[in-house]
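A.B. asks: how does the following fold in three dimensions:
(2 chains)
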Amino acid sequence: MTNSIADIGEADVIMLTGSNTTENHPVIAERIKQAALSGRTKLLIIDPRELGLSRFATMHLKPRPGTDVAWINGMAAVVLNEGLQDGEFIAERCEGFQEFEQPLSEYTLEKVEAITGIAASDLVEAARLYGKAERASIFYAMGITQHVNGTGNVKALANLALLCGNLGKAGAGINPLRGQNNVQGACDVGALPDFFPGYQRVDDPDANKKFSEAWGVTLPSQPGLSLMEIMEGAREGEIRALYIMGENPMVTDPDVRHVGEALTSVDFLVVQDIFLTETAALADVVLPGACFAEKEGTFTNTERRVQRVRKAVEPPGEAREDHIILAALAERLGSPGPSLKPDEIMEEIASLVPSYAGIRHNRLNKGGLQWPCPDIDHPGTPILHVGRFSKGKASFNPVDYLPSIEPPDEEYPFVLTTGRILYHYHSGSMSRRSHNLEEKVSAGRVDINPEDARRLGLREGDGVRLASRRGDLISHAHISSRQPPGSIFATFHFSEETANLLTNPALDPVSKIPDLKVCAIKVERWERGE
Amino acid sequence: MVGITVNGRKVEAPDNWTFLSAVESIGLRVPTLCHHPCVADSGTCGICLVEEEVTGRLITACNTPVEEGKSIFLDTERVLEARALLLQLIFSSHPVHCEVCESNNSCKLRKLAIEAGITGREFPYRQDYRPVVDANPFYLRDLSKCISCGLCVRACQQVQGVGTYEFQQHGSAARPATVIDSDLDSSVCEFCGLCVSICPVGALIEKPSLHQGIEEKTVVTTCPYCGVGCSIGLHIRENRIIGAGAGVPDSVNNYSLCVKGRFGLDFVDHPDRLKKPLVRRGGELVEATWDEAMTEVAERLKAVRDESGPDSIAFLSSAKATNEENYILQKLARVLIGTNNVDHCARL
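C.D. replies: All right, here's what the predicted structure looks like:
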């Protein structure tokens, strides 16, 4: 997030898209509701599904899944046509405006309506709402990013925010909601194939030299493989050994049948986890790790806040804290250095990552610190890009709408989108082992529009079989007018019926994110015994 | 700013403050029952009475705005008498089986009664018995103990924006209820637990913490579920998490958590937790010592690296692990194996 959770209520308008916030980020949803209830903030939702936040919204537009660039560019075109752009901000703080402005004229209201299904008048009204606001923030989640054109979607949103000068002030900004407790931090500290810690590129000679000197070896300068490429490499025999710490790709990755092939193809698979997950069950060696309550360290949340994780109980049996396991492995692999304690590891991170330079465990006892935190006295940075962008001027990046690569057709007439529900979390390895949560919801279900259900002869709770070009699953139908006609929503928490049996592993060419939000499926009634 | 006097002491307070906030700003205390910092005050219970010097009126401090020149006294005889009377009226319909009530020592009503020197009922007991509702995995509702303070109603409407409860019936029979008085499981309730955590008596109880005893310590940490990063306080007894609540008030979540953060942490001591290293022998995963397992990992990684080069090995790190662990894993991959094949599920 460029901005902070605390300044949600300072927005005049919040534009929310591709986020089912009440289910996925309940406490941020609570802040958005409070802002809307205060009467000060108007909520504009643009999302194919009716959401828990919809009743708090001034407007809710429902585009067809996978058509985001079209409506975002369409809104930008309206903003320009009506002269609602922030000319001063564009002139002083941005570059590339002309290259961006020119092709936008193609996004006429008629064309956008034809692609997205959003009525022209509604789009104009939404563009005015966002464009006229003094402070307007954009919130989005995986509904924007998990597409083959996810990078394009994000760039289009960034263009819109730049166009209206909505960066560098409270109640504004571009605010992606990160899905996992420490996905931000894992990226920050370099668990990425193309970046050293602090987003310093492995193929940048200066960065490579800096880390090679700090770590006392010559480091490889070719970017490595991303997760989906690693799976592909494993199937093809290029990856022969795989070490997985605390992930469960057998449930969370698209097209899990192929993931299974990949994990059984490698010569040696190590899984370090707290449970014998679907992935760990395939391993050659399983190492018992410690969970969040059994260790010291830090997580970095969606608003870049580095916060303390504290040990409250001992790990069970012989399970060990993960950094201790890694230190033992490092020693056997010939590491010369001593093994470090978590607070010492943070000091090493701070010495190499400028935005973490002022972070120390003992500074985090009062609510944590938001990076960039460049020195030991720095109070942290609640809002990015105030007065100046880190790169100087911000660039407009013209993007074009590209149709989804797997549109519905005669054989597979429905669009499948996937996601989470309030009571469960990701692969379910934690939430499904919570007695309380599992008692509340213990099986998946697929949401289907009442009209579609009637046509298929489905009643509430009926068995239903979903099939894509990659696989099939059996679940139960939940008939809901919240679900738009022609589309199905399914979760991936339940390994026996994970939606990832169906999803498409096609990747965004830049971010390498899979297209989990649009794939074509067929749906039919299913009865036990068939 | 407005100038008022509290117990003879001059206090400067911003215009939009109440007498309660002004009193608390100088480190003094007014006892409260239906007040909580996360919701707007209603003055329902009347416990926070203070006496106005000039008129002699008793006013509720929690919801009376400060006014220039006003002088109040906190613990006058009339205030103490009125407060004791109000408490006695509450006890006229509140059971006093405190020793078997789950709320026991954390009950705000009980603490106020002790403070007011109340030792027994002064008025006849008007029993209004309602059965305990045990119909969902998270809360017990025991409306016989409800004092109709309205905190749950206000918190759900104002903080959560959900509005599960509204008062049903009138006068002393009024109780918070869902639409058509259905159980919470079939209502709009999302089981965030805020109402339970601020209920001043034992009318709302966290079911999973029942009979777990009182925590020995609370450890403030960060929630392991989504990316919001709520501050969470783990209640620990005998090396077990027996409950959880919001951590520190000045955090991203203030007093709130969601159902997963408050009730979904029992996975920590699930019997399925891995307790020993496992290695595959003859197709089966069997228990091994740490030394055996680690030697096998190191030797086989080295063998693959020597045969096929460092880029034939890949590492998946974790969006659930700490920054420190992620840092060490990527460093190990890059320095000791010599590959940049390290990623995690950021995109999933």
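
A.B. asks: point to the residue nearest the middle of chain B.
C.D. replies: residue B:245 (3.6 Å; C-alpha atoms, centre = their mean).

A.B. asks: quick one: low-confidence parts of chain B?
C.D. replies: For chain B, no stretch is flagged by pLDDT under 70.

A.B. asks: before we move on, the earlier item: what strands flank the strand or helix carrying the residue nearest to the centre of chain B, and is each parallel or antiparallel?
C.D. replies: Taking DSSP states H and E as the definition, one finds residue B:245 inside strand B:240-246. With DSSP bridges as the criterion, the sheet partners recorded for strand B:240-246 are strand B:231-237 (antiparallel).

A.B. asks: ok so, going back, which residues does the nearest residue to the residue nearest to the centre of chain B once chain neighbours are set aside contact?
C.D. replies: For residue B:245, the nearest residue in space outside its immediate sequence neighbours is residue B:233; the separation is 4.9 Å by C-beta to C-beta, 6 or more residues apart in numbering or on different chains. All C-beta atoms are positioned from the backbone trio N, CA, C, and that covers glycine. Contact criterion C-beta atoms under 8 Å, 6 or more residues apart in numbering or on different chains gives B:218, B:219, B:220, B:221, B:244, B:245, B:246, B:247, B:248 as the residues in contact with residue B:233.

A.B. asks: so which of the residues you listed is the closest to residue B:118?
C.D. replies: Residue B:118 has its nearest neighbour among the contacts of residue B:233 in residue B:245, at 28.3 Å by C-beta to C-beta.

A.B. asks: which residues touch the closest one?
C.D. replies: Contacts of residue B:245 were listed using C-beta under 8 Å, 6+ apart, and they are B:197, B:218, B:232, B:233, B:235, B:257, B:262.

A.B. asks: can you give me the helices in the stretch 201-348 of chain B?
C.D. replies: Counting by DSSP state H, counting those that start in this stretch, one finds helices in the stretch 201-348 of chain B at the ranges B:259-263, B:290-308, B:323-331.

A.B. asks: tell me which of the ones you listed sits most buried.
C.D. replies: Compared across these, helix B:323-331 shows the largest average neighbour count, a mean of 30 (mean count of other C-beta atoms under 10 Å in any protein chain shown).

A.B. asks: and it, is it in reach of chain A?
C.D. replies: Yes - when contact is scored as C-beta under 8 Å from any C-beta of the partner chain, part of helix B:323-331 falls within range of chain A: B:323, B:324, B:325, B:326, B:327, B:328, B:329, B:330, B:331.

A.B. asks: can I get the contacts of residue B:233 in CSV including distance to residue A:417?
C.D. replies: Output for the contacts of residue B:233, formatted as CSV (distance: C-beta to C-beta, whole Å):
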residue, distance to residue A:417
B:218, 40
B:219, 38
B:220, 37
B:221, 34
B:244, 32
B:245, 35
B:246, 32
B:247, 34
B:248, 37
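
A.B. asks: of those residues, keep whichever come out buried.
C.D. replies: The neighbour-count test (16 or more other C-beta atoms under 10 Å in any protein chain shown) marks B:218, B:219, B:220, B:221, B:244, B:245, B:246, B:247 as buried among the contacts of residue B:233.

A.B. asks: quick check: the two most widely separated of these?
C.D. replies: Of all pairs drawn from those, the one with the largest separation by C-beta to C-beta is B:219 and B:246; the distance is 13.4 Å.

A.B. asks: residues contacting stretch B:178-195, please?
C.D. replies: With contact meaning C-beta under 8 Å, 6+ apart, stretch B:178-195 is reached by A:22, A:26, A:30, A:422, A:440, B:38, B:133, B:135-136, B:138-139, B:141, B:151-152, B:155-156, B:159-160, B:162-166, B:168, B:204, B:206, B:255-259, B:262-263.

A.B. asks: let's see that with 6 Å instead.
C.D. replies: B:135-136, B:138, B:152, B:155-156, B:160, B:162, B:164, B:204, B:256, B:258-259, B:262 (C-beta atoms under 6 Å, 6 or more residues apart in numbering or on different chains).

A.B. asks: what's the neighbour count on residue A:513?
C.D. replies: Counted by other C-beta atoms under 10 Å in any protein chain shown, the residues lying close to residue A:513 total 22.

A.B. asks: spatially central residue in chain A, please.
C.D. replies: residue A:142 (4.4 Å).

A.B. asks: report pLDDT for that one.
C.D. replies: Here the pLDDT value assigned to residue A:142 is 92.

A.B. asks: ditto for residue A:529
C.D. replies: The per-residue pLDDT of residue A:529 was computed as 67.

A.B. asks: what about whatever residue of the stretch 1-150 of chain B ends up closest to chain A, how many residues nearby?
C.D. replies: As assessed by C-beta to the nearest C-beta, chain A sits closest to residue B:137 within the stretch 1-150 of chain B, at 4.0 Å. Using other C-beta under 10 Å, the number of residues around residue B:137 comes to 20.

A.B. asks: what helix or strand is the residue nearest to it when sequence neighbours are not counted on?
C.D. replies: Nearest residue to residue B:137 in three dimensions, chain neighbours excluded: residue A:439, at 4.0 Å (C-beta to C-beta, 6+ apart). Element membership for residue A:439, per DSSP H and E: helix A:435-440.

A.B. asks: may I see the buried residues of stretch A:372-389?
C.D. replies: Within stretch A:372-389, the residues scored as buried using 16+ other C-beta under 10 Å are A:372, A:373, A:374, A:380, A:381, A:382, A:383, A:384, A:385, A:389.

A.B. asks: hmm, back to that, state the distance from the residue nearest to the centre of chain A to chain B.
C.D. replies: Separation of residue A:142 from chain B (C-beta to the nearest C-beta, to the nearest Å) stands at 8 Å.

A.B. asks: any residue of the worst-scoring helix or strand of chain A on mean pLDDT up close to chain B?
C.D. replies: Ranked by mean pLDDT, DSSP states H and E, the weakest helix or strand in chain A is helix A:249-252, scoring a mean of 86. Yes - applying C-beta under 6 Å from any C-beta of the partner chain, one finds helix A:249-252 in contact with chain B at residue A:252.

A.B. asks: which element follows that helix toward the C-terminus?
C.D. replies: Toward the C-terminal end, the helix or strand that comes next after helix A:249-252 (DSSP H and E) is helix A:256-265.

A.B. asks: which strands and helices sit next to that next one?
C.D. replies: Secondary structure elements in contact with helix A:256-265, counted by 3 or more C-beta pairs under 6 Å, 6 or more residues apart in numbering or on different chains; DSSP states H and E, are helix A:227-236, helix A:249-252.

A.B. asks: as TSV, the ones you listed with mean neighbour count would be great.
C.D. replies: Rendered in TSV, the data for the helices and strands packed on helix A:256-265 read as follows (neighbours: other C-beta atoms under 10 Å in any protein chain shown):
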stretch	mean neighbour count
helix A:227-236	21
helix A:249-252	24
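
A.B. asks: and these as JSON lines, adding distance to residue B:268?
C.D. replies: JSON lines is the format used below for those (distance: least, C-beta to C-beta, whole Å):
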{"stretch": "helix A:227-236", "distance to residue B:268": "27"}
{"stretch": "helix A:249-252", "distance to residue B:268": "20"}
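
A.B. asks: surely residue B:17 and residue B:65 touch.
C.D. replies: No - with the criterion set as C-beta atoms under 6 Å, residue B:17 and residue B:65 do not qualify as a contacting pair; they are 7.2 Å apart.

A.B. asks: of these two, which one has the most company?
C.D. replies: The residue with more neighbours, out of residue B:17 and residue B:65, is residue B:17; 19 against 14, by other C-beta under 10 Å.

A.B. asks: only alpha carbons, please: show stretch A:318-326 as PDB.
C.D. replies: The C-alpha trace of stretch A:318-326 is given here as PDB (Å, rounded to 0.1, in the frame of the first residue of the first chain):
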ATOM      1  CA  GLU A 318      11.300 -32.200  18.500                       C
ATOM      2  CA  ALA A 319      10.000 -29.500  16.100                       C
ATOM      3  CA  ARG A 320      12.500 -26.600  15.700                       C
ATOM      4  CA  GLU A 321      12.300 -23.000  14.800                       C
ATOM      5  CA  ASP A 322      12.900 -22.600  11.100                       C
ATOM      6  CA  HIS A 323      15.900 -20.400  11.300                       C
ATOM      7  CA  ILE A 324      17.600 -23.100  13.500                       C
ATOM      8  CA  ILE A 325      16.800 -25.800  10.900                       C
ATOM      9  CA  LEU A 326      18.300 -23.600   8.200                       C
END
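
A.B. asks: that concludes my questions; thank you for your assistance.
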